[in-house]
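[1] Just the structure for this:
(chains A and B)
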Amino acid sequence: MDLVASEEQRLLRDSALAFARDRMGAARAREIEDRAAAGLPAHDAELAAEIAALGWLGAALPVAHGGGGVGLLELALLIEACGTAPCPTTLFGSVVEAGLLLADAGSEQQRARWLPRIAAGEAVLAVALLEEGARLGAHEVQARATPLAGGGYRLDGRKTLVRDASAADALVIAARAGDPEGGEADAGDEGAGVTLLLVERGAAGLAIEPQPASGGEPLFAVALDGVEVGANAIVGEQGAGWPTLERMLARGAALKAAELVGIGQAALDLTLAYARERTQFGRPIGSFQAVQHHCANIYRELVACRLLAYRAAWALDGAGGDPAEPGPRRAVAAAKAKASEAIPWATRVAHQVHGGVGYYRDYPLEQHTRRAIAAAAAYGDARYHRRRLAQTL
Amino acid sequence: MDFALDADQEAFRAELCAFLDAELGDEVRERHRDLREWDGWAAGFAEEFRRRLGARGYISAPWPTEYGGGGRDIVDRVIFAEEMEYHGAPAFDRSVTYIPDALLEFGSEAQKRELLPRIGRGECTFFLGYSEPDAGSDLASLQTRAEERGDSFVITGQKAYSSGADRADYGWVAARTDPDAPKHRGISLFLVEMTSPGIEIAGHATTAGWEHHSVAFDAVEVPRSALVGELNEGWRVIMGAIDTERASLGAPGLVLAQLDRLVAHCRETPDEGAATPGGATLLDDPAVADRLARLAIEVDAAQLVSYWVASLVAHGERGQHESSLALLYKRETARALDVAALELLGPAGALLPDAPGAPLGGAVEREYLDHLYFHFAAGGFDITRNVIATRGLGLPRS
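    The predicted structure is shown next:
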């Protein structure tokens, strides 16, 4: 039992914090957001290249494919650090979702093709799971993968809230394969039939449309109209995709919780600096007990969220890390449920302390406030994760 | 970082649990129950149990081996505190969690050699003479005087909230030795034998129904050898051992026990509500399940914060505001559990411990009231937030 970061873990986090502060700050984030708002390509390839050069995009990918082979806990530290700065990265779409999914279930050929390029920042990947209503669950996967006579599949369906899709060189599509008349109708196994297929950019019948979201979160709707892929596009076995997606969702929830911690830390740092400097009634406002208690309360919640997020990442690492097991399941659910409520709350308290200045876009607090909204909603919101947790009681 | 206990820690926990389960069975709990005592245990049994804890080496387990201790580290100390609380064990008080560490850090060699073996055997207890009627959150304003007279000191004053004073062998008493010094500078610490002439103990019924005490000192003479640490350096002694104690007090045994009991109750209790007719239990109500999930998350967090503080200390950090946070987190979580339990017990939840038909033996009503002391004891919620804001977050005092 040792809940203090090791020397190596601290070095990783500190270097990431320094990079986030120097290279991922408010001004750059606004440029990216403005481009997206104007309908221009918003992916910051230069930033992606810098992050790749630092080894972070490949950090958690297998060593055999150009990665660093570190655990999810180290990835959580990186993501937390990046979370303190408002620039979006492709760490979630390319690494947490698609990269680790391919490392988990992809063929040797798929891994060899994509993972080194993700690690080098040369390719962006994304996973298209959600559909109309944006509900998480195997039954919600209604996109069809119809087997073609000569091998391969034809894909039809509508996907929503696909992270990083416009920048993606390839998308992993969750679809239901088999005979539409029945075939997979095993009522006892709700995941039966869910199949994962890789679709490359520019495929005929693939259309991507922005879904502008809070905090500049790069989310897109993806339409598939008769998109044809070869037999080698399948990731894992036909019909066996759901457990793979469950593992991806667990990773996403644990690591989004870590990002929320970074967001909360950024809000607290701004708040403390402001409370020390801002003078009213002849005193720094941070000397008022009410303001002190607001800050102490943010810190209280932040410490809890951080430890829960680290535990979730740790629980998914290694041999016992199956999110279907009660331990990892509870750890992930607790982390995301807590952070999804506590961090947006912390940003609201931060606004209370800041008063009017926090209301304007030329002060950086509101960027974190908006990012917290998007992060809280991703990979299952607080209610969803409390329901999962309650099932373990 | 590693979130699992190692094999040695698991073995320590397993051995401790086996001991507590064997010593504190249902029949023993029933026979020695006494709700007039702070921990609900008859005083005679509590002191007998303290000696059994001592004989097994648990009291001295965290002390250095040169003083007869087991040399166990801070994580084991948290495990011990967690399991003692989880099992609702008696004798888990400041004579175990505070005094030995304060003695080890500030006591004279003679004091350590005389008292530690007796404490370790569970034969000797203390009351903590810090708080006074007019010195609570502002402890440094305490007014009890100790006047130097030749080779002794004469103590006069009033101590309040003196837990365990009625059966203590010694008082660990803070008194003002230099009335002209700034308030933090003129305080000294004394070991006062409770058989000394001039000590009077009064009882006060608490809202939870047990008897608490206050202690009056009327010209109580103690020898110079009773001074702990340097003259006028008592504030250092007071603050010094508090962090280690908070590491024990912040251990999450209480909230783990509260949660397990409440979940079990909701799993076993039929829900008569119209929304879930026919055989459903309270746990089947999504509103109840959601509330329990919230509480479970807080309990997990309280446990993690506690072990985080232990880890910091194990790495050589003082963990001062962090240990305050652990205690705050645990106690606020306990309050949330008290409130939830009382609300989920339904109409019979108001019944007192010995009333026929009281759910969960009426324990929830008593704890709800008893835990009101969390709001002020060992810092209390608001003062702890001040400490976190100023010492932890660097906000200005004025």
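
[2] sec struct for the closest residue to chain B within the stretch 101-250 of chain A, please.
    Chain B sits closest to residue A:250 of the stretch 101-250 of chain A, with a gap of 16.0 Å, by Cβ to the nearest Cβ. Every residue, glycine included, has its C-beta placed from N, CA and C. In terms of secondary structure, residue A:250 is helix; the call rests on DSSP: H, G, I helix; E, B strand; the rest coil.

[3] can you count the residues close to residue 340?
    Because you didn't say which chain, this covers chain A. Other residues near residue A:340 come to 28 when the count uses other Cβ atoms under 10 Å in any protein chain shown.

[4] Actually, chain B is the one I wanted.
    By other Cβ under 10 Å, the residues close to residue B:340 number 20.

[5] is it true that it touches residue B:293?
    No. The criterion here is Cβ atoms under 8 Å, and residue B:340 misses it with residue B:293 at 11.4 Å.

[6] so where do the strands sit in chain A?
    Secondary structure of chain A, counting by DSSP state E: strands at A:125-128, A:144-147, A:153-163, A:170-177, A:194-200, A:206-210, A:219-229, A:234-235, A:279-280, A:283-284.

[7] and those, which is most packed in?
    Neighbour counts (mean count of other Cβ atoms under 10 Å in any protein chain shown) averaged over each of the strands of chain A peak at strand A:125-128, with a mean of 29.

[8] hmm, which helix or strand of chain A has the shakiest average pLDDT?
    Using mean pLDDT, DSSP states H and E, the weakest-scoring helix or strand in chain A turns out to be helix A:26-37, at a mean of 89.

[9] For residue 46, list the residues it contacts.
    As the question left the chain open, I've gone with chain A. With Cβ atoms under 8 Å, 6 or more residues apart in numbering or on different chains as the criterion, no residue contacts residue A:46.

[10] think we crossed wires, I meant chain B
    The contact partners of residue B:46, by Cβ under 8 Å, 6+ apart, come to B:37, B:39, B:90-91.

[11] do residue A:134 as well
    Taking Cβ under 8 Å, 6+ apart, we find residue A:134 in contact with A:160-161.

[12] same deal with residue A:97?
    For residue A:97, the contact set (Cβ under 8 Å, 6+ apart) comprises A:125-127, A:163, A:172, A:248, A:252.

[13] Please apply the same query to residue A:140.
    By Cβ under 8 Å, 6+ apart, the contact list for residue A:140 reads A:130-131, A:133.

[14] which bits of the stretch 1-150 of chain B sit near chain A?
    Proximity of the stretch 1-150 of chain B to chain A (Cβ under 8 Å from any Cβ of the partner chain) is limited to residues B:1-6, B:9, B:75.

[15] Which two among those residues are spaced furthest apart?
    B:1 and B:9 (15.3 Å; Cβ to Cβ).

[16] and these two? which has more neighbours close in?
    Counted by other Cβ under 10 Å, residue B:1 and residue B:9 do not tie: residue B:1 has more neighbours, with 21 against 17.

[17] List the residues that contact the more buried one.
    For residue B:1, the contacting residues are A:2-6, A:9, A:73, A:310, A:314, by Cβ under 8 Å, 6+ apart.

[18] try 6 Å
    By Cβ atoms under 6 Å, 6 or more residues apart in numbering or on different chains, residue B:1 lies in contact with A:3, A:5.

[19] For the chain, give me the ranges with low pLDDT.
    Picking chain A for this. Within chain A, the segments meeting pLDDT under 70 span A:179-190, A:318-320.

[20] nope, chain B
    Counting by pLDDT under 70, the ranges of chain B that qualify are B:273-278.

[21] Measure how buried the residue of the stretch 101-250 of chain A closest to chain B is and give me the count.
    Residues lying near residue A:250 (other Cβ under 10 Å) number 27.

[22] all helices of the chain, in order?
    You didn't pick a chain, so chain A it is. For chain A, the helices defined by DSSP state H occupy A:7-23, A:26-37, A:45-53, A:72-83, A:100-105, A:108-119, A:241-277, A:289-316, A:326-354, A:365-377, A:382-390.

[23] oops, I was thinking of chain B
    In chain B, the helices defined using DSSP H lie at B:7-23, B:26-31, B:43-55, B:74-86, B:94-97, B:99-106, B:109-120, B:234-240, B:242-249, B:253-268, B:286-314, B:320-344, B:363-370, B:380-387.
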